[in-house]
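A.B. asks: coordinates only, no sequence provided:
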């Protein structure tokens with residue numbers, strides 16, 4: 001099984017693109033021999049897998065909360081609906097026995113965090129939850145060097161899938177190294193399974209560059225990000241509202257090119273995650289003991 005987060009559906013992408021992308025990701029996983037399990041909270045119940053009608057509800061419904069780990073008891077107690085972040089998706093996936101999930105980019109250390117202390121819960125959660133997370137690095141609007149450093153501090157292996165660099169979400173290059181490069185899903189599966197067999201409790205981060213045909217130049221993205229950050233500061237946007245504003249504004253500033261890159265990397269990451277999930281269940285995958 002491959003878990004999928006639902007914040008990207010309810011809060012990250014516009015309708016109907018969000019629903020089309022969610023369905024396409026699930027289909028790509030099925031086509032490669034695995035089963036998709038979109039994680040969400042529906043009517044106060046933690047769900048590892050939703051129906052197509054519930055997927056549409058997440059894409060179109062009003063009042064769907066953005067749910068990180070700390071929000072889970074609240075939305076459950078209130079019988080509400082919630083779209084899960086990377087942190088809460090990892091939590092629920094681990095509770096459900098799902099070993100791998102796919103997303104676009106993880107959260108991390110925000111720019112200016114030395115003053116704001118704005119650091120995503122994703123990083124701490126991945127430091128204590130044994131799942132494999134397939135992503136295109138961290139969102140480019142973040143402080144990538146600081147995020148990379150915290151991943152190291154949390155003991156989270158960064159495995160590059162056919163890359164030597166930590167991707168910058170929309171772009172293939174960040175100038176930051178990975179801990180190990182792998183070429184195949186089998187290699188990635190062996191690293192994750194051996195880590196957990198050895199008793200390590202952290203996630204394994206499998207970073208996948210965005211597809212070359214949709215990836216954007218790093219310098220072009222940085223210009224758009226800096227402009228969006230200045231606008232957010234001028235408008236007093238902060239906290240949980242920051243990331244959705246920045247992603248939307250960056251899309252506008254790049255003429256929709258960053259949105260297209262986001263869509264393509266989401267689908268590609270789902271494909272890779274499905275291949276790794278199948279490799280994890282292959283009987284001849286060797287262990288260390």
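C.D. replies: Happy to help now that I have it. Please read these numbers as outputs of a predicted model, since none were measured by experiment.
A.B. asks: show the pLDDT at residue 288.
C.D. replies: In this model, residue 288 is scored at 45, pLDDT.
A.B. asks: list the helices and strands the helix or strand that residue 88 is a member of packs on?
C.D. replies: Using DSSP states H and E, residue 88 maps to helix 86-95. Secondary-structure packing of helix 86-95 (3 or more Cβ pairs under 8 Å, 6 or more residues apart in numbering; DSSP states H and E): strand 2-4, strand 36-42, strand 45-48, helix 72-77, strand 100-102, helix 121-126. In short, each C-beta sits where N, CA and C put it, glycine included.
A.B. asks: what residues does it touch?
C.D. replies: 3-7, 37, 39, 46, 48, 67-69, 71-72, 82, 84, 99, 101, 103, 106-107, 120-122, 124-126, 129-131, 133, 203 (Cβ atoms under 8 Å, 6 or more residues apart in numbering).
A.B. asks: please report phi then psi for residue 236.
C.D. replies: Residue 236 adopts backbone torsions of phi 70, psi 30, taken as degrees, to the nearest 10.
A.B. asks: and the strands in the stretch 51-200 of the chain, which stretches?
C.D. replies: Remark: strands assigned in the stretch 51-200 of the chain by DSSP state E, counting those that start in this stretch are 65-67, 82-84, 100-102, 132-135, 158-161, 180-182.
A.B. asks: in terms of secondary structure, what does the first one contact?
C.D. replies: Of the remaining helices and strands, those touching strand 65-67 by 3+ Cβ pairs under 8 Å, 6+ apart are strand 82-84.
A.B. asks: chain center to the strand it packs on: distance?
C.D. replies: Mean-position distance between strand 82-84 and its chain equals 13 Å (Cα atoms, centre = their mean, to the nearest Å).
A.B. asks: buried residues, that strand. List them.
C.D. replies: 82-84 (16 or more other Cβ atoms under 10 Å).
A.B. asks: what does stretch 127-146 give?
C.D. replies: Buried residues in stretch 127-146 (16+ other Cβ under 10 Å): 127, 129-144, 146.
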